[in-house]
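>>> Need the 3D shape of this:
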Amino acid sequence: MTATERDRPDEVEGEAFSAGRAGSPDETGVTELSALGPPPWRPICMTCGVQFAPRDEALDVCPICADERQYIGWHGQQWTTLDRLRQDPRGSEIHIEEPGLGSLNIVPATAIGQRAYLIETPEGTIIWDCTTYFDDKTLDLIRARGPVLAMAISHPHFYASMSSWAEALNIPVYIHAADREWVMDPSDHLVYWQGETLDLTPGVTLVQLGGHFTGSSALHWANTEDGLGALVAGDTIKTVMDRRYVGFMYSVVNFIPMGPTAVKDIVRRLEPFEFDRIYSLWSGHMVPSDGKAAITRSAARHLEFIQQ
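Numbering: from 1, shown residues only. Predicted coordinates for the structure are as follows:
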């Protein structure tokens, strides 16, 4: 498979939604780590795509998938490794979302269809969120855009193979300290930040929103070409098919809505920031304009419905 860079396609809504689920129920790995070969193993959960630290002992279940915000795969717990995935190479594509912002897509998708965003700054590229699969072609595609400064992750469902990424690129990975218990592959490259905001570079700020996970965060990018700003939101703020609105889900896949306190906190924490566009997990799922107002009116609608 090849690594390519292209403009984001227009016909993405149905394609992106299916890609976001393609790896989950049907792809299979092995049920016993011993089937991966001799230990130590560095297993990856086939359902959520999270990589675990090298180990010699058996592992019965992925704690992230056993949590009520995720699920154990329909075929039971399945494992793979990055090396096994690379035996059947996948394509790496960068879609240009807008000037200075690209999204890295793995084709075909793995796990829950994670993709990463590439924010270009004068200091270097910041990678937002993480894909499970990557190979040398993926890294070359990213490096071709300039030096890589750091990676930051929105929440545990996107931890993926972040430590392997960090080792390959020799970069820090910023994750919120409130979610440290969900880190399955610790590394000296991981930086546990605290508080409600962290400035990565001038104009790029991590904002802890909570709601989905305690440490769930979004990335605010102030220095867009048009000066209006953008929010890259993970799935704490879920863009929906009606692009005038967003959703607030404690669990997206299990349809558990956030409670009123969490939603109000998200609105409050975003109040100091200006942004026009909101980018979500999957290609094409975005709010193309009036993003901050979309969050305000969506929160009001959400609160009205859950309090009836």
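>>> Burial check on residue 236, number of neighbours?
26 (other CB atoms under 10 Å). C-betas here are computed from N, CA, C, even on glycine.
>>> Which pLDDT value goes with it?
In this model, residue 236 is scored at 91, pLDDT.
>>> In contact with it, which residues are there?
154-155, 209-212, 216-218, 248, 266 (CB atoms under 8 Å, 6 or more residues apart in numbering).
>>> Confirm it sits in a helix?
No. Residue 236 is assigned coil when assessed by DSSP: H, G, I helix; E, B strand; the rest coil, not a helix.
>>> Quick check: phi and psi at it.
phi -70, psi -40 (degrees, to the nearest 10).
>>> One more: the one 3 residues further on?
When quoted as degrees, to the nearest 10, the phi and psi of residue 239 stand at phi -70, psi 150.
>>> wait, isn't residue 79 in contact with residue 45?
Yes. Residue 79 lies in contact with residue 45 (CB atoms under 8 Å); the separation is 6.7 Å.
>>> buried sites along the host helix or strand of residue 269?
Element membership for residue 269, per DSSP states H and E: helix 260-270. Buried positions in helix 260-270, judged by neighbour count with 16 or more other CB atoms under 10 Å: 262-263, 265-267, 269-270.
>>> Any chance you could list what contacts that helix?
Contacts for helix 260-270 (CB under 8 Å, 6+ apart): 196, 207-211, 218, 231, 236-237, 248, 250, 292, 295-296, 299, 302-303, 306-307.
>>> Of residue 79 and residue 45, which one has the most company?
Shown here are residue 79 and residue 45; by other CB under 10 Å, residue 45 has more neighbours (27 against 22).
>>> Looking at the contacts of helix 260-270, which are in strands?
207-208, 218, 231, 250 (DSSP state E).
>>> Which of those residues sits closest to residue 134?
Nearest to residue 134 among those, counting by CB to CB, is residue 218 at 23.1 Å.
>>> so where do the helices sit in the stretch 1-150 of the chain?
13-19, 63-66, 82-86, 136-143 (DSSP state H, counting those that start in this stretch).
>>> In JSON lines, list those helices along with mean neighbour count.
Formatted as JSON lines, the helices of the stretch 1-150 of the chain follow (neighbours: other CB atoms under 10 Å):
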{"stretch": "helix 13-19", "mean neighbour count": "15"}
{"stretch": "helix 63-66", "mean neighbour count": "16"}
{"stretch": "helix 82-86", "mean neighbour count": "15"}
{"stretch": "helix 136-143", "mean neighbour count": "17"}
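>>> Tell me which of the ones you listed approaches residue 286 most closely.
helix 13-19 (10.1 Å).
>>> ok, back up a step: would you list the helices of the stretch 1-150 of the chain in TSV and tack on distance to residue 100 and mean pLDDT?
Shown next, in TSV, are the helices of the stretch 1-150 of the chain (distance: least, CB to CB, whole Å; pLDDT from 0 to 100):
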stretch	distance to residue 100	mean pLDDT
helix 13-19	21	31
helix 63-66	32	97
helix 82-86	30	95
helix 136-143	14	96
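>>> between the ones you listed, which gets nearest to residue 178?
helix 63-66 (15.2 Å).
>>> Which elements pack onto the closest one?
Taking 3 or more CB pairs under 8 Å, 6 or more residues apart in numbering; DSSP states H and E as contact, there are no helices or strands that helix 63-66 lies on.
>>> With only the CA atoms kept, save it in CSV.
Written as CSV, here are the backbone C-alpha positions of helix 63-66 (Å, rounded to 0.1, in the frame of the first residue of the first chain):
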residue,chain,number,x,y,z
PRO,A,63,-9.6,-2.9,30.6
ILE,A,64,-10.5,-0.1,28.3
CYS,A,65,-13.0,-2.3,26.3
ALA,A,66,-14.4,-3.8,29.5
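>>> contact partners of that helix?
45, 47-48, 50, 70-73, 77, 156-157, 159, 182, 184.
>>> Between all of these, which two are separated the most?
Maximum distance among the contacts of helix 63-66 (CB to CB): 18.2 Å, for 73 and 182.
>>> Which pLDDT value goes with residue 280?
89.
>>> Next, count neighbours for it.
For residue 280, the count of nearby residues is 23 (other CB under 10 Å).
>>> I'd like to check which residues are in contact with it.
233-235, 237-239, 286.
>>> Dump those residues to JSON lines, plus distance to residue 166.
Below are the contacts of residue 280 laid out as JSON lines (distance: CB to CB, whole Å):
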{"residue": "233", "distance to residue 166": "23"}
{"residue": "234", "distance to residue 166": "19"}
{"residue": "235", "distance to residue 166": "22"}
{"residue": "237", "distance to residue 166": "26"}
{"residue": "238", "distance to residue 166": "27"}
{"residue": "239", "distance to residue 166": "28"}
{"residue": "286", "distance to residue 166": "27"}
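>>> Just give me the closest of those residues to residue 54.
Taking the contacts of residue 280 together and measuring to residue 54 by CB to CB, the closest member is residue 234, at 27.6 Å.
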